[in-house]
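# Just need the structure, nothing else, for what follows:
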Amino acid sequence: MRQALITGAAGGIGQALCLAFKRAGYRVIATDLKQPAGDYDHYLSGDLAALVREPLSRADYLRELREAVGRGGLHALVNNAAVQVVQPVEALRVDDWHLSLDTNLVAPFLLIRELLPDLRKARGSVVNIGSIHARLTKPGFACYATSKAALDGLTRSLAVELGGQVRINAVNPAATATPMLQAGFAGREQAFAELGAMHPVGRVAEPAEVARSVVFLASDDASFMNGATLDVDGGIGARLHDPE
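Got it, this is the predicted structure:
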């Protein structure tokens, strides 16, 4: 059976990813700080910042992860977990940068590096979940946008280095109707509608739409895609916002 490892599995997109891969016939290994409510086969508690910073925690986590994968190889690694620090420049601390880069960039690299034998065995695929903020951003998102732009660079670099062994691609979603996003607009329905209207399709994405694009990139249907970044953005990345 094909196997998929999904980080950040407890979030809105993470739960959608678990369900989408299960429906596609994968055995799903879900990892997050808290246990997801979604559909998966095995749960592993993990703090990705600790994976980067604490050698003992890293060793324990990787040992449990390899035990969960077993001998069947890993067909899909989905680096979905992320933190989003939103602060004006004057308020950003060095710790904010370390947290953002450790979680959003270094942890995905470490997981790819440490799981290479399992990915090679299955001739597997990595999909990094980036963000539209890698290219198009707004005030307050310096840490997040920088980390996601770097993740795009990591995707291309590793695709070149590992292309004959493991495919590496990325998905960059725009605004997605996760519980977290919707909670941020609680009581501000008009503002949420205006956010949707900014996208040429007239709405924000659904988590399942993002998840289906990831399953596609991990599948044999995308066998010639490597080093690609798929924008799942409703067309907002193509839109000018000049005054009319």
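# quick one, phi/psi of His241?
When read as degrees, to the nearest 10, the backbone of His241 gives phi -120, psi 30.
# which helices and strands sit right next to the least confident helix or strand in the chain by mean pLDDT?
Sorting the helices and strands of the chain by mean pLDDT, DSSP states H and E puts helix 179-184 at the bottom, at a mean of 77. Applying 3 or more Cβ pairs under 8 Å, 6 or more residues apart in numbering; DSSP states H and E, we find helix 179-184 packed against helix 12-23. C-betas here are computed from N, CA, C, even on glycine.
# picking up where we left off before, so what's the gap between the least confident helix or strand of the chain and the chain middle?
Centroid displacement of helix 179-184 relative to its chain, using Cα atoms, centre = their mean, to the nearest Å, is 18 Å.
# Can you name the residues in contact with that helix?
11-12, 175, 192, 204 (Cβ atoms under 8 Å, 6 or more residues apart in numbering).
# ok, longest helix in the protein?
helix 142-162 (DSSP state H).
# What's the first helix or strand after that helix?
Next in sequence after helix 142-162, counting helices and strands by DSSP states H and E, comes strand 167-173.
# one step back: list the buried ones in the longest helix of the chain?
142-152, 154-156, 158-159, 162 (16 or more other Cβ atoms under 10 Å).
# next helix or strand past the least confident helix or strand of the chain?
Taking DSSP H and E, what comes next after helix 179-184 is helix 189-197.
# Within the helices and strands, which one has Leu5?
strand 3-7.
# outside of that strand, which residues touch it?
14, 17-18, 21, 26-32, 40, 46, 48, 65, 69, 72-81, 107-108, 111, 115, 122, 218.
# Stretch 88-103 too?
With Cβ under 8 Å, 6+ apart as the criterion, stretch 88-103 contacts 48-49, 52-53, 81-83, 85, 87, 139-140, 142-144, 146-147, 150.
# Check the separation of the first and last residues in that stretch.
20 Å (Cα to Cα, to the nearest Å).
# what's the offset of it from the middle of its chain?
19 Å.
# can you check stretch 181-192 too?
23 Å.
# Now it: buried residues?
Quick answer for stretch 181-192 (16+ other Cβ under 10 Å): 181, 185, 192.
# ends of that stretch, how far apart?
Using Cα to Cα, the span of stretch 181-192 from its first residue to its last is 9 Å.
# before we move on, the earlier item: show me the two of the contacts of helix 179-184 that sit farthest apart.
Of all pairs drawn from the contacts of helix 179-184, the greatest distance, 18.6 Å, lies between Gly11 and Phe192 (Cβ to Cβ).
# re earlier: just the CA trace of the strand holding Leu5, in PDB.
Extracted in PDB, the C-alpha atoms of strand 3-7 (Å, rounded to 0.1, in the frame of the first residue of the first chain):
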ATOM      1  CA  GLN A   3       2.000   5.600   2.300                       C
ATOM      2  CA  ALA A   4       1.800   9.400   2.900                       C
ATOM      3  CA  LEU A   5       3.200  11.400   5.700                       C
ATOM      4  CA  ILE A   6       1.400  14.700   6.400                       C
ATOM      5  CA  THR A   7       2.700  17.300   8.800                       C
END
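# Check the gap between Leu65 and His42 for me.
From Leu65 across to His42, the span is 10 Å (Cβ to Cβ, to the nearest Å).
# The two - which one has more neighbours?
More crowded of Leu65 and His42, by other Cβ atoms under 10 Å: Leu65, with 21 against 17.
# Quick one: low-confidence residue ranges for this structure.
Filtered on pLDDT under 70, the chain yields the residue ranges 244.
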